[in-house]
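S.K.: Model the following, please.
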Amino acid sequence: MEVNPMFEGIFQPMHLLVILVIVLIIFGPGKLPEMGNSLGKAIKGFKKAMSEPEEKSGNISEAKKIEEKKE
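M.R.: Okay, the predicted model is just below:
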């Protein structure tokens, strides 16, 4: 299997370090903890939504049906 050299080793430690330095320059050290917190909450919410059973989506569709009957 031939690998495109452009994508070979794309997440090497040096690449991640360069990305971190660029983010630090753009946003500054004061914003990083706030951004990390927001990102963590977003990931946690996404995982929670993905792991919830289909029961909740059934409740949403029932609510839509009730709303349509009102109209």
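S.K.: pLDDT weak spots in the chain?
M.R.: Segments of the chain classed as low confidence (criterion: pLDDT under 70) are 1-9, 53-65, 67, 69-71.
S.K.: again, only this time at 90
M.R.: Within the chain, the segments meeting pLDDT under 90 span 1-17, 19-20, 23-24, 27-33, 35-36, 48-71.
S.K.: show me where it has helices.
M.R.: With DSSP state H as the criterion, the chain has helices at 13-27, 32-51, 55-70.
S.K.: With mean neighbour count added, can I get those helices in a markdown table?
M.R.: Glycine gets a C-beta too; all of them are placed from N, C-alpha and C. Converted to a markdown table, these look like this (neighbours: other C-beta atoms under 10 Å):
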| stretch | mean neighbour count |
| --- | --- |
| helix 13-27 | 10 |
| helix 32-51 | 10 |
| helix 55-70 | 9 |
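S.K.: Quick one: end-to-end length of stretch 17-36, please.
M.R.: The first and final residues of stretch 17-36 sit 16 Å from each other (C-alpha to C-alpha, to the nearest Å).
S.K.: ditto for stretch 24-31
M.R.: 9 Å.
S.K.: Check what contacts that stretch and list those residues.
M.R.: Taking C-beta atoms under 8 Å, 6 or more residues apart in numbering as the criterion, the residues outside stretch 24-31 that touch it are 32, 35.
S.K.: now do 10 Å
M.R.: Under the contact criterion C-beta atoms under 10 Å, 6 or more residues apart in numbering, stretch 24-31 has outside partners 23, 32, 34-35.
S.K.: Pipe these into JSON lines and attach distance to residue 12 per row.
M.R.: Rendered in JSON lines, the data for those read as follows (distance: C-beta to C-beta, whole Å):
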{"residue": "23", "distance to residue 12": "17"}
{"residue": "32", "distance to residue 12": "22"}
{"residue": "34", "distance to residue 12": "28"}
{"residue": "35", "distance to residue 12": "23"}
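S.K.: which pair in the residues you listed spans the largest distance?
M.R.: The most widely separated members of the contacts of stretch 24-31, counting by C-beta to C-beta, are 23 and 34 (12.8 Å).
S.K.: and residue 12, what does it touch?
M.R.: For residue 12, the contact set (C-beta under 10 Å, 6+ apart) comprises residue 18.
S.K.: All set, thanks.
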